[in-house]
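Asks: just to be clear, the model below is a prediction. Sequence and coordinates:
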Amino acid sequence: MPYPNKKGLNIVQVDVKDVRFPTSLGGHGSDALHTDPNYSCAYVTTTTQNGKQGFGLTFTCGRGTEIVVLAIRSLKRFIIGKNAAEIFSKFSEFWRTITNDSQMRWIGPEKGVAHLAAAAVLNSLWDLWARIENKPLWKLLLDLEPEELVSTIDFRYISDVVTKEEAVQMLKAMQNGREERVNFLETNGYPAYTTQVGWMGYSDELVEELCRKYLDLGFTHFKVKVGRSVEDDLRRATVVRKCIGDEKVLMVDANQAWDVEEAISWMKKLAHLHPLWIEEPTSPDDVLGHAAIAKALKPYGIGVATGEMCANRVMFKQFLQSGGMQYCQIDSARIGGINEILSVYLMAQKLNVKVCPHAGGVGLCEMVQHLQFWDYVCLSGSMEGRLIEYVDQQHEHFTDPCVVEKARYMAPKMAGYSTKFLPGTVEKFAYPNGSEWKRMISEGVFPAPDDAELVNE
Ligand SMILES: C[C@H](O)[C@@H](O)[C@@H](O)[C@H](O)C(=O)O
Ligand SMILES: [Mg+2]
């Protein structure tokens, strides 16, 4: 596929907004450590000379979004004045300029706020590319030749596991049967699981009610938050198991609550409920700790899932190599955009680990569906044991919300990466000056922001 014509594609503006939703009011999204998340994002709009726009975001939990917004502003210098078509044709080079600037890399490198900012910017550029091509993002990925797709990836630090040449071979090897897989996706979609039933802040009654609702909607896999107290977890997980029955699948998520030994002994107490996986049992940086937990829980049939806070491809590499991750939960907004996520998919495929993307946060379901669709058509060729997380929150704010029917993600059809907000959303939920925030602050529902939070222009 040829790259777009350069004409008119000089980038003239990069705008960023701090957008927050008051989800903490209902305990939506709450877990053992994030007890009051306000689902939020730093929302980037990239505009070219001829008026083409790309929309991208990174997910956050409320406070701190203002810091990500400032980090994104610091990246503007590397983008404004560049030609978008040139960026796409030398994407890995551009990726390195924004993730490894000689002065800025000190505040990363390739991790934390710096990388969240890079993710938002890169997501907006991929969205822009797909919009220029007038294709949904997953179709853009499908239409890139293996060499072109691989040319977007920076292989530094991972070539001991997968090289550029191997990556091209892996993609070429999957070219047979592509059309059938595309047809299958367009007709049947891709399996989803729900996390909506078991947020930590929900009462047992609500958990039960939601289990029934999601059973009726056709869901077969249910994830529940754990890690507060063993008694609570046992009670809540039992409510879910009873409601969904023995045939359906239960997963549990501790969001980093435990020490390594604590995770093992705690999970042994939940083992009779047969969870498929324990997600983020301990620090997201503790590769060997995860491997030890996985080893200890294997006899119980419990795997370890992690990735939503995995800092970059190097950390993913070690998790995948060490047996610390049986389910690889790539996140579309934490590591450096599609460029870096593709490298994680390639390593996971090579090391035989299934990718089950993390989603649920603002715009994450919208994005990861494209990536998993690409994986199915072009890389793994399989849906077996793979699921995309689904949470029913904030979809109503997007122009192209994900569509989940009978517990399956249906193929996005509109151009782009599905990350454009509806016109009214930013006006209402920009923090702190959007109309909804002004109202909630004046009514005393939330305290007034402090100086540091006043970043929306
Ligand atoms: C704070 C967030 O809602 C997390 O609890 C959420 O991302 C969660 O870990 C998940 O797996 O969906
Ligand atoms: Mg999780």
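Replies: Nice, I can see it. Ligands and ions are numbered 1, 2, ... in the order given.
Asks: surely residue 5 is in contact with residue 85?
Replies: Yes - with contacts counted by C-beta atoms under 8 Å, residue 5 reaches residue 85, the gap being 6.6 Å. (Glycine included, C-beta is placed from N, CA and C.)
Asks: and the gap between residue 319 and ligand 1?
Replies: 16 Å (C-beta to the nearest ligand atom, to the nearest Å).
Asks: can you count the residues close to that residue?
Replies: Neighbour count for residue 319, taken as other C-beta atoms under 10 Å: 29.
Asks: which SS class is it?
Replies: helix (DSSP: H, G, I helix; E, B strand; the rest coil).
Asks: how about it, nearest residue that isn't a chain neighbour?
Replies: Excluding its sequence neighbours, the residue lying closest to residue 319 (C-beta to C-beta, 6 or more residues apart in numbering) is residue 325, at 4.0 Å.
Asks: run through the residues that contact that neighbour.
Replies: 290, 294, 304-307, 316, 319, 353 (C-beta atoms under 8 Å, 6 or more residues apart in numbering).
Asks: state the distance from the most centrally placed residue in the chain to ligand 2.
Replies: Residue closest to the average C-alpha location in the chain (C-alpha atoms, centre = their mean): residue 331, at 2.8 Å. Using C-beta to the ion, to the nearest Å, residue 331 is found at 9 Å from ligand 2.
Asks: give the contact list for that residue.
Replies: 59, 307-310, 357-358, 364, 368.
Asks: now, which of the residues you listed lie within strands?
Replies: residue 59 (DSSP state E).
Asks: format the contacts of residue 331 as CSV; extra columns: pLDDT.
Replies: Output for the contacts of residue 331, formatted as CSV (pLDDT from 0 to 100):
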residue, pLDDT
59, 98
307, 98
308, 98
309, 98
310, 98
357, 98
358, 98
364, 98
368, 98
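Asks: ok, so of the contacts of residue 331, who is nearest residue 117?
Replies: Taking C-beta to C-beta as the measure, residue 117 lies nearest residue 59 of the contacts of residue 331, at 12.5 Å.
Asks: OK, contacts around the closest one?
Replies: So residue 59 contacts 39-41, 331, 333-334, 361-364 (C-beta under 8 Å, 6+ apart).
Asks: from residue 396, how far out is it?
Replies: 17 Å (C-beta to C-beta, to the nearest Å).
Asks: up against ligand 2, what does the chain have?
Replies: Applying C-beta under 5 Å from the ion, one finds that the chain approaches ligand 2 through 253, 279.
Asks: the contacts of residue 59: which ones sit near ligand 1?
Replies: residue 361 (C-beta under 6 Å from any ligand atom).
Asks: which one of the contacts of residue 59 is nearest ligand 1?
Replies: Ligand 1 lies nearest to residue 361 out of these, by C-beta to the nearest ligand atom, at 5.6 Å.
Asks: ok, and the closest non-adjacent residue to that closest one?
Replies: Using C-beta to C-beta, 6+ apart, the closest residue to residue 361 is residue 59 (3.6 Å).
Asks: what's across from that neighbour in the sheet?
Replies: Counting by DSSP bridges, residue 59 is bridged to residue 41.
Asks: for residue 33, grab phi and psi.
Replies: phi -110, psi -30 (degrees, to the nearest 10).
Asks: phi, psi for residue 162 please.
Replies: phi -140, psi 130.
Asks: wait, doesn't it sit right on residue 346?
Replies: Yes - counting by C-beta under 8 Å, residue 162 touches residue 346, with 5.0 Å between them.
Asks: so these two - more neighbours on which side?
Replies: Of the pair residue 162 and residue 346, residue 346 is the one with more neighbours under other C-beta under 10 Å, namely 26 against 21.
Asks: got the buried residues for the helix or strand hosting the more buried one?
Replies: Counting by DSSP states H and E, the element that carries residue 346 is helix 337-350. Neighbour counts over helix 337-350 (16 or more other C-beta atoms under 10 Å) mark 337-349 as buried.
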